[in-house]
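>>> next input, structure requested:
(chains A and B)
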Amino acid sequence: DAGITQSPRYKITETGRQVTLMCHQTWSHSYMFWYRQDLGHGLRLIYYSAAADITDKGEVSDGYVVSRSKTENFPLTLESATRSQTSVYFCASSVDPRVAAQHFGDGTRLSIL
Amino acid sequence: ILNVEQSPQSLHVQEGDSTNFTCSFPSSNFYALHWYRWETAKSPEALFVMTLNGDEKKKGRISATLNTKEGYSYLYIKGSQPEDSATYLCALSNAGGTSYGKLTFGQGTILTVHP
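This next block holds a predicted model:
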């Protein structure tokens, strides 16, 4: 029972590079989310997706791109990484986020030098 | 963007103490209130999802209540143990429209239980 997995767990890259964080879930949940953890801000929503091919921006979407061609995958791409995007990124999924809990992956710690 | 406030920001208690903390939110547009437990270096883990005014939920020594009319939820921990040390997050799911399904998280209450 893999649940929800994120890869890589750790990533170091340089400013200006493109980097993609992967998220895969085995529950067939319709809803998937990307958050970043920032000191003083808690968890902030970057993007979310209600189903395959349906995505919407969150609170801090600038500089990020997502796609969802298959229900189980929700990759997050930083088009041109900046130091301010250094953070821990969490992916989550839910069957119905209004009334059911979100299940979180283990996170990806991203450092941009 | 909804405003979800948690208090206190941090709390230190002794093992065996009971404790509680608060999540406040705007009562209009409410749909569901989530509580999560987040240990250091781990991912958030769901505790409760509550939707009805007056809802009370319990999981072991942890319980939560919900008052949607006045816009608050309390989380209680009875007989705190060192393993309860974590950040406790609440999050609000609003009624719908373009924000359907989005959760707005509070900044969390950091609980430290001293042996």
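>>> wait, doesn't residue B:43 sit right on residue A:108?
No. The criterion here is C-beta atoms under 8 Å, and residue B:43 misses it with residue A:108 at 10.8 Å. The way it works is simple: take the backbone N, C-alpha and C, and place the C-beta from them, glycine included.
>>> just want to know which of the two has more residues nearby.
Set side by side, residue B:43 and residue A:108 show more neighbours around residue A:108, with 22 against 19, by other C-beta atoms under 10 Å in any protein chain shown.
>>> against chain B, how distant is that one?
11 Å (C-beta to the nearest C-beta, to the nearest Å).
>>> next: residue A:72.
18 Å.
>>> residue A:111 too?
Per C-beta to the nearest C-beta, residue A:111 is found 16 Å from chain B.
>>> which intervals of the chain have sub-threshold pLDDT?
Assuming you mean chain A. A:1-2 (pLDDT under 70).
>>> hmm, no, I was thinking of chain B.
In chain B, residues with pLDDT under 70: B:1-2, B:29, B:95-100.
>>> enumerate the residues of it near chain A.
B:1, B:31-32, B:34, B:36, B:42-46, B:49, B:51, B:89, B:93, B:96, B:98, B:100-108 (C-beta under 8 Å from any C-beta of the partner chain).
>>> quick check: the residue of chain A nearest chain B.
Chain A approaches chain B most closely through residue A:101 (3.2 Å), counting by C-beta to the nearest C-beta.
>>> nearest spatial neighbour of that residue, skipping sequence neighbours?
Spatial nearest neighbour of residue A:101, chain neighbours left out: residue B:46 (3.2 Å); criterion: C-beta to C-beta, 6 or more residues apart in numbering or on different chains.
>>> OK, contacts around the one you found?
Applying C-beta atoms under 8 Å, 6 or more residues apart in numbering or on different chains to residue B:46 gives the contacts A:101-103, B:34-36.
>>> turn those residues into a markdown table, including secondary structure, neighbour count and distance to residue B:62.
As requested, the contacts of residue B:46 are exported to a markdown table (DSSP: H, G, I helix; E, B strand; the rest coil; neighbours: other C-beta atoms under 10 Å in any protein chain shown; distance: C-beta to C-beta, whole Å):
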| residue | secondary structure | neighbour count | distance to residue B:62 |
| --- | --- | --- | --- |
| A:101 | coil | 22 | 14 |
| A:102 | coil | 26 | 18 |
| A:103 | strand | 19 | 19 |
| B:34 | strand | 27 | 14 |
| B:35 | strand | 23 | 8 |
| B:36 | strand | 24 | 12 |
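>>> turn the residues you listed into a markdown table, including distance to residue B:7.
Formatted as a markdown table, those follow (distance: C-beta to C-beta, whole Å):
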| residue | distance to residue B:7 |
| --- | --- |
| A:101 | 23 |
| A:102 | 23 |
| A:103 | 27 |
| B:34 | 17 |
| B:35 | 14 |
| B:36 | 17 |
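>>> residue A:4: which of those residues is nearest?
residue A:103 (5.6 Å; C-beta to C-beta).
>>> isn't the closest one right next to residue A:94, touching?
Yes. Judged on C-beta under 8 Å, residue A:103 makes contact with residue A:94 at a distance of 6.8 Å.
>>> which neighbours do the two share?
residue A:29.
>>> quick one on the thing from earlier: let me know the distance separating the residue nearest to residue A:101 from residue B:36.
Distance, residue B:46 to residue B:36, by C-beta to C-beta, to the nearest Å: 6 Å.
>>> geometric centre of chain A: which residue is closest?
residue A:34 (2.9 Å; C-alpha atoms, centre = their mean).
>>> beta partners for residue B:32?
With DSSP bridges as the criterion, residue B:32 is bridged to residue B:93.
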